[in-house]
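Trainee: Provide a 3D model corresponding to the input given below.
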Amino acid sequence: MKHKIIYIPALAGLIFSLAACSSSEKKENADAQNSAFSKVLVAQVQNQNVQSTVTISGNADANQMVKIYAMSNGYVQSWRHDIGESVKRDEVLATLANPELMQEQAKAQAVLDGDKSIYDRLESIYKKTPELTPLEQVDEAKAKYESALAQLNAINSQISYLTIRAPFNGVITQRFVDTGSVVQDGLSRADAKPLFMIEDMSIIRLSVEVPEINSASINKGTLVKVTIPDLPNTSYDAKVSRVSYGLSEDTKTMLVQVDISNKDAKIHPGMFANVVFNISSQPNVMCVPNQAVTVYEEEPFVYKVVPVDSTAHNNWADGVKCRVQKLKVQLGVSGQSTTQVRYANFNPGDRIVVSGTNFCTNGAIVIAKEALQSNNVASH
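Mentor: Numbers count the residues shown, from 1 in each chain. Below is the predicted model:
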């Protein structure tokens, strides 16, 4: 009796082949069906620290700046410091000479010496023999002596003004006179010529004109970050030092000043600066990318996607078939890349459409694919 030989491996291979073909056909059919749906990119809702900022250009000024004038007429006998040199407070910058004033001093000194001698003599006699010298004569001599003394002191004060001193620590930024230059009293002459310009650059005042729309959000102590285009790769963290709180009638802007330490003298007065004001901050709040927010008739909303098959293992990198939900949201702090959303019908980890919103309507079926998402803190 002959037996039939059955080749099981061949049969198994055939079954596997048929199964593979069936699976491939199903995938092709699924791909063909999915190709009929619009494709969108989605991102996850996240909790983030959001900072809302505004950048305004400003101008760097010296902490103190003054033109130094003579307080007495004269000519420049000598000067000791030139442009670019640092000086200390009360350090001598220049010496003036006034021959006429020196003559007046000598004359006043001679008058004082004579009046003092008369007063001293009468007072001595009065103390020894008061009956020989009336008290009125002593008082008159005393008054004349004191008047001469006051006159001499006034002239000496004028002479002291011939020595020009620095009013504060700073740098000589301009020198307007040379040896021999005649200068006029800056206190009484409107056309008087200054001798020096001195600036205190140890602290730089950044003056910024803040628009009216941002003025209410900026106060003394508001955090700022300062960058200066002429100093690349350099930034300064500081706080608002002064706020005028009044708006200019012409420009409708508010003057704000920020002090920056400048011990290394890198910042020069007159430089432009970009000042980033941190006008509001919200820690650990629910945020969505800015491009996910759509506004229609002044109402903001986003498109949330929910997988059609919630039981399947969804590969968002390849694409997941989802149903779209249109959700109204209330916006909070808005930054450069993300916006805070409040009272929204979703949770951190839910996915919302960030690209392809024009293909979305409430209830539509789409193929959602994960988009790259930055986790950086937002800034504006």
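Trainee: ok, residues contacting stretch 357-370?
Mentor: Applying Cβ atoms under 8 Å, 6 or more residues apart in numbering, the contact partners of stretch 357-370 are 34, 37-43, 292, 294, 303, 305, 308, 316-326, 351, 353, 356. Placement of C-beta: from N, CA and C, glycine included.
Trainee: Quick check: the gap between Thr55 and Val171.
Mentor: Here Thr55 is placed at a distance of 30 Å from Val171 (Cβ to Cβ, to the nearest Å).
Trainee: Next: Ser157.
Mentor: 29 Å.
Trainee: ok, which stretches of the stretch 201-350 of the chain are strands?
Mentor: Assigned by DSSP state E, counting those that start in this stretch, the stretch 201-350 of the chain shows strands spanning 223-227, 235-247, 253-261, 272-289, 294-296, 299-307, 320-328, 330-334, 338-342.
Trainee: So for Arg80, which of the ones you listed sits nearest?
Mentor: Nearest to Arg80 among the strands of the stretch 201-350 of the chain is strand 253-261; the distance by Cβ to Cβ comes to 28.4 Å.
Trainee: partner strands of the closest one, parallel or antiparallel?
Mentor: Applying DSSP bridges, strand 253-261 is found paired with strand 196-211 (antiparallel), strand 235-247 (antiparallel).
Trainee: Comparing those, which comes out most buried?
Mentor: Ranked by mean neighbour count, these are led by strand 196-211 with a mean of 20 (mean count of other Cβ atoms under 10 Å).
Trainee: Report the angle between that strand and strand 223-227.
Mentor: Interaxial angle of strand 196-211 relative to strand 223-227 (axes from the mean of the first three to the mean of the last three Cα atoms, to 10 degrees): 120 degrees.
Trainee: Can you say which of the strands of the stretch 201-350 of the chain is nearest to Ser202?
Mentor: Once the strands of the stretch 201-350 of the chain are compared by Cβ to Cβ, strand 253-261 is nearest, at 7.5 Å.
Trainee: if we can go back for a sec, export the strands of the stretch 201-350 of the chain as TSV, with columns for mean pLDDT and distance to Tyr69.
Mentor: Compiled in TSV, the strands of the stretch 201-350 of the chain are given as follows (pLDDT from 0 to 100; distance: least, Cβ to Cβ, whole Å):
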stretch	mean pLDDT	distance to Tyr69
strand 223-227	94	34
strand 235-247	95	27
strand 253-261	96	26
strand 272-289	86	30
strand 294-296	89	61
strand 299-307	93	61
strand 320-328	94	68
strand 330-334	80	52
strand 338-342	83	57
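Trainee: Between Ser157 and Val171, which has more neighbouring residues?
Mentor: Val171 (19 against 11; other Cβ atoms under 10 Å).
Trainee: what is the more buried one paired to in the beta sheet?
Mentor: Ser86, Glu199.
Trainee: Contact partners for it?
Mentor: Gly84, Glu85, Ser86, Val87, Ile198, Glu199, Asp200, Met201.
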